[in-house]
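Trainee: Need a 3D model of the following:
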Amino acid sequence: MSKVSSSTKVTLFWIIGLIAFVSLMLGGTIFLLGLLNISSDVLKTLQGICHILLIVCAVIAGFIWLVNAKWNKTVKIVFIVLFIVFAVLAVAGAVRMF
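Mentor: Numbering: from 1, shown residues only. Below is the predicted model:
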């Protein structure tokens, strides 16, 4: 695999960070509205979308981290397998909410 350039990583992480920040703000606001017993199907759908966006951001950032990690091959393979398993579980949990 080719290495990702430094400026590309900075730009990508900036965009991912912005998406994650907005998703966290929206998800937190929806949680607070739920505490006030304000709920609707639209809010539940928005909360599901927030979870999916956060998972996508985590998968992209985690993948970049794994690709650039300087470990021996065995450790790297173990972490990649664990990463894939838990990413699939997180997506299945988010999809189950719908």
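
Trainee: Assign residue 39 to helix, strand or coil.
Mentor: Recorded secondary structure, residue 39: coil (DSSP: H, G, I helix; E, B strand; the rest coil).

Trainee: What separation do you get for the nearest residue to it once chain neighbours are set aside and residue 77?
Mentor: Counting by C-beta to C-beta, 6 or more residues apart in numbering, residue 33 is the residue found nearest to residue 39 once chain neighbours are left out, at 7.1 Å. Where C-beta positions appear, they are placed from N, C-alpha and C, glycine not excepted. Using C-beta to C-beta, to the nearest Å, residue 33 is found at 44 Å from residue 77.

Trainee: Send over stretch 51-61 as PDB, restricted to the C-alpha atoms.
Mentor: In PDB, the C-alpha atoms belonging to stretch 51-61 read as follows (Å, rounded to 0.1, in the frame of the first residue of the first chain):
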ATOM      1  CA  HIS A  51     -24.300   7.400  14.500                       C
ATOM      2  CA  ILE A  52     -23.600   6.200  11.000                       C
ATOM      3  CA  LEU A  53     -21.500   9.400  10.300                       C
ATOM      4  CA  LEU A  54     -19.500   8.900  13.400                       C
ATOM      5  CA  ILE A  55     -18.900   5.300  12.500                       C
ATOM      6  CA  VAL A  56     -17.700   6.300   9.000                       C
ATOM      7  CA  CYS A  57     -15.400   8.900  10.500                       C
ATOM      8  CA  ALA A  58     -14.000   6.400  12.900                       C
ATOM      9  CA  VAL A  59     -13.500   3.800  10.200                       C
ATOM     10  CA  ILE A  60     -11.600   6.200   7.900                       C
ATOM     11  CA  ALA A  61      -9.400   7.600  10.700                       C
END
